[in-house]
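Peer 1: Here is a sequence with its predicted model. Questions after.
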Amino acid sequence: MAEHLQREIREMKKAILEIGAVVEESLHKAVKALQERDEKLAKSVIDNDVEIDHMEVDMEEECLKVLALHQPVASDLRLIVSILKINNDLERIGDLAVNIAERAAFLATQNAIDIPLDFPLMAEKTKAMLRKSLDALVNGDSRLAYEVCAADDEVDAINRQMYLQVQDAIRRHPDRVESLIHLLSVSRHMERIADHATNIAEDVIYMTEGEIVRHRTEDYPSQSRRV
């Protein structure tokens with residue numbers, strides 16, 4: 001029975017990483033569509049969301065099946081509970097990538113706005129957080145997970161700066177309000193993706209150390225809210 005459980009767990013870890021890879025690719029394409037004003041690429045991200053939804057449901061059903069059949073305890077139980085929660089965060093990141101792609105599709109049809117919004121920097125930091133959180137999961141690396149949690153402050157700071165820049169641009173270009181609001185939404189969606197990456201890192205810490213670190217600000221500089 002124990003050997004069968006470990007085989008099931010190995011398959012679950014493989015499946016959650018496959019979901020993570022698909023979600024990472026969706027985020028990459030959404031950001032690229034925004035930067036290159038590529039409406040077709042943006043729509044491909046939107047169309048692909050159905051696949052992520054199906055993978056999320058399959059993963060949840062598998063976790064519940066293993067919990068019911070094997071009644072795992074200790075570290076095995078923490079691992080399965082963590083995967084179940086990470087699965088949900090990945091699906092939400094997929095949804096947010098779609099939201100970015102929808103904004104990118106709209107902006108591709110509008111004249112470009114020449115204001116210094118540093119989306120490439122924000123996107124790179126956000127994608128790095130997601131990638132590190134998944135690496136931490138693969139390797140059971142709580143140190144790397146703590147790094148992800150601490151990095152959330154940087155993305156939050158960029159989001160606040162974006163808000164001020166868009167606010168100023170609206171005053172200077174009142175005729176471009178709709179496009180500017182879409183850009184502000186992209187910034188907010190990226191900030192929320194960073195929050196979900198932090199959630200994943202927190203779950204890795206729980207999985208590896210058995211400690212729930214949410215809301216414990218002494219553990220690392222930046223503390224997210226589970227969203």
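Peer 2: Sure, I can see it. Numbers count the residues shown, from 1 in each chain.
Peer 1: only C-alpha atoms for contact and neighbour calcs from this point on.
Peer 2: Noted.
Peer 1: lowest-pLDDT helix or strand in this structure?
Peer 2: helix 119-139 (a mean of 89; mean pLDDT, DSSP states H and E).
Peer 1: hmm, who's touching it?
Peer 2: 13, 17, 20, 24, 27-28, 31, 35, 141-142, 144-145, 148, 151, 155, 158, 187, 190-191, 193-194, 197-198, 200-201, 204 (C-alpha atoms under 8 Å, 6 or more residues apart in numbering).
Peer 1: Now the buried members of these.
Peer 2: 13, 17, 20, 24, 27-28, 31, 141-142, 144-145, 148, 151, 155, 158, 187, 190-191, 193-194, 197-198, 200-201, 204 (16 or more other C-alpha atoms under 10 Å).
Peer 1: if we can go back for a sec, please spell out which residues along the helix or strand following the least confident helix or strand of the chain are buried.
Peer 2: For helix 119-139, the following helix or strand on the C-terminal side (DSSP states H and E) is helix 142-172. Counting neighbours by 16+ other C-alpha under 10 Å, one finds that the buried residues in helix 142-172 are 142, 144-153, 155-156, 158-159, 162-163, 165-167, 169-170.
Peer 1: and what of stretch 36-54?
Peer 2: Within stretch 36-54, judged by 16+ other C-alpha under 10 Å, the buried ones are 37-39, 41-46, 49, 52-53.
Peer 1: Over to stretch 175-191?
Peer 2: 176-177, 179-191.
Peer 1: What are the boundaries of the helices in the chain?
Peer 2: Assignment of helices within the chain using DSSP state H yields the ranges 2-36, 39-70, 74-107, 119-139, 142-172, 177-209.
Peer 1: Quick one, which of those helices gets closest to Ile113.
Peer 2: Minimum separation from Ile113 across the helices of the chain (C-alpha to C-alpha) falls at helix 177-209, 8.1 Å.
Peer 1: The closest one - contacts with which helices or strands?
Peer 2: Secondary-structure packing of helix 177-209 (3 or more C-alpha pairs under 8 Å, 6 or more residues apart in numbering; DSSP states H and E): helix 74-107, helix 119-139, helix 142-172.
Peer 1: got the angle for the second one vs helix 177-209?
Peer 2: When axes from the mean of the first three to the mean of the last three C-alpha atoms, to 10 degrees is applied, the directions of helix 119-139 and helix 177-209 differ by 20 degrees.
Peer 1: Now do stretch 185-203: distance to the chain's middle.
Peer 2: Its chain's average C-alpha position is 5 Å from that of stretch 185-203, according to C-alpha atoms, centre = their mean, to the nearest Å.
Peer 1: Show me what it is in contact with.
Peer 2: Here stretch 185-203 has contacts from 82, 85-86, 89-90, 92-93, 96-97, 99-100, 103, 119, 122-123, 126, 129-130, 133-134, 136-137, 142, 145-146, 148-149, 152, 155-156, 159, 162, 212-214, 224-227, using C-alpha under 8 Å, 6+ apart.
Peer 1: Would you mind writing the ChimeraX command to select the buried ones in those?
Peer 2: Per 16+ other C-alpha under 10 Å, the buried members of the contacts of stretch 185-203 correspond to this ChimeraX selection:
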select :82,86,89,90,92,93,96,97,99,100,103,119,122,123,126,129,130,133,134,136,137,142,145,146,148,149,152,155,156,159,162,213,214,224
